[in-house]
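In: Provided below are the primary sequence and the corresponding predicted coordinates.
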Amino acid sequence: GENVEQHPSTLSVQEGDSAVIKCTYSDSASNYFPWYKQELGKRPQLIIDIRSNVGEKKDQRIAVTLNKTAKHFSLHITETQPEDSAVYFCAASKNSGTYKYIFGTGTRLKVLA
Amino acid sequence: EAGVAQSPRYKIIEKRQSVAFWCNPISGHATLYWYQQILGQGPKLLIQFQNNGVVDDSQLPKDRFSAERLKGVDSTLKIQPAKLEDSAVYLCASSLDWGPGELFFGEGSRLTVL
């Protein structure tokens, strides 16, 4: 079945540095890739998403890139701030009559002040 | 706009006991999902409803888990009998329709099975 691998599992960066989280998916039919941020004890919230017809999408300090050939996509956070500290989940989905989201295992990002 | 409501927030039970979780999605959202999130892992889909019909329950352990969404609004997820490995956060999410788009998650119900 569909599988999504996410790396690294933990990531520590200095405030102001960039952070990159990578995900690889197995099903080449996947065409929608959201990223969710989950702060400690809180619900996951969508921060950015990308569809398979584009290679990159940017929203202020965050961006997502997609390489369909290699079947991987990445989250880039620039100028990191302490409030970026959270667990980030990638997901992949496709239209199989409905959209089912397969989540990665998560990356715990710590931004050190 | 009210978010996805879940209850209870926390539940502790003994193994072999039963438990039920309730979810009220955002008004007008046709699709409802139940996810299981074990500590340190990503959310795993248990069941997905489109209105009041099940569209995917392939990963639901049907010998002990059941779920329903009466009238296409609220949903309940039941575990009977519970096992130690069921200890997890049960997240309910809803989306406007079946297509690709944002999932709105509830705050989750944390289950501890002793």
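Out: Arrived safely.

In: Would you mind naming what in chain B lies close to chain A?
Out: By C-beta under 8 Å from any C-beta of the partner chain, the residues of chain B that approach chain A are B:3-4, B:31, B:33, B:35, B:40-45, B:48, B:50, B:55-56, B:91, B:98-100, B:102-103, B:105-108. (Glycine included, C-beta is placed from N, CA and C.)

In: Got a ChimeraX select line for the buried ones in those?
Out: Selection of the buried residues among the residues of chain B next to chain A in ChimeraX, burial being defined by 16 or more other C-beta atoms under 10 Å in any protein chain shown:
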select /B:4,31,33,35,42,43,45,48,50,55,56,91,98,100,103,105,106,107,108
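
In: Pretty sure B:Asn24 sits against B:Asp74.
Out: Yes - using C-beta atoms under 8 Å, B:Asn24 is in contact with B:Asp74, at 5.2 Å.

In: So between these two, which is more surrounded?
Out: Remark: of B:Asn24 and B:Asp74, B:Asn24 carries more neighbours, 18 against 15, as counted by other C-beta atoms under 10 Å in any protein chain shown.

In: Can you spell out which residues form a bridge with the more buried one?
Out: Assessed by DSSP bridges, B:Asn24 has beta-bridge partners B:Ala5.

In: do you know how far it is from chain A?
Out: In this view, B:Asn24 and chain A are 14 Å apart by C-beta to the nearest C-beta, to the nearest Å.

In: Parallel or antiparallel, list what pairs with the helix or strand harbouring A:Val87.
Out: Assigned by DSSP states H and E, A:Val87 belongs to strand A:86-92. According to DSSP bridges, strand A:86-92 forms sheet pairs with strand A:32-38 (antiparallel), strand A:102-103 (antiparallel), strand A:107-112 (antiparallel).

In: isn't A:Glu15 right up against A:Thr78?
Out: No - contact between A:Glu15 and A:Thr78 fails when scored by C-beta under 8 Å: they sit 11.9 Å apart.

In: Okay, and which of the residues of chain B next to chain A map to strands?
Out: Among the residues of chain B next to chain A, DSSP state E puts B:Thr31, B:Tyr33, B:Tyr35, B:Lys44, B:Leu45, B:Gln48, B:Gln50, B:Val55, B:Asp56, B:Leu91, B:Phe105 in strands.

In: mind checking how far A:Glu79 is from A:Ala19?
Out: Using C-beta to C-beta, to the nearest Å, we find A:Glu79 at a distance of 10 Å from A:Ala19.

In: quick one: which of those two has more around it?
Out: A:Ala19 (20 against 11).

In: ok, for the more buried one, nearest residue in space, not its chain neighbours?
Out: Distances taken as C-beta to C-beta, 6 or more residues apart in numbering or on different chains place A:Ile77 nearest to A:Ala19, at 4.5 Å, with adjacent residues excluded.

In: Surely the one you found touches A:Ile62?
Out: Yes - the pair A:Ile77 / A:Ile62 is scored as a contact, 5.3 Å apart, by C-beta under 8 Å.

In: Those two - which one has more neighbours?
Out: The neighbour comparison of A:Ile77 against A:Ile62 (other C-beta under 10 Å) goes to A:Ile77, with 24 against 18.

In: got the contact list for the more buried one?
Out: The contact partners of A:Ile77, by C-beta atoms under 8 Å, 6 or more residues apart in numbering or on different chains, come to A:Ser18, A:Ala19, A:Val20, A:Arg61, A:Ile62, A:Asp84, A:Leu109.

In: okay, it: pLDDT?
Out: What the model reports as pLDDT for A:Ile77 is 98.
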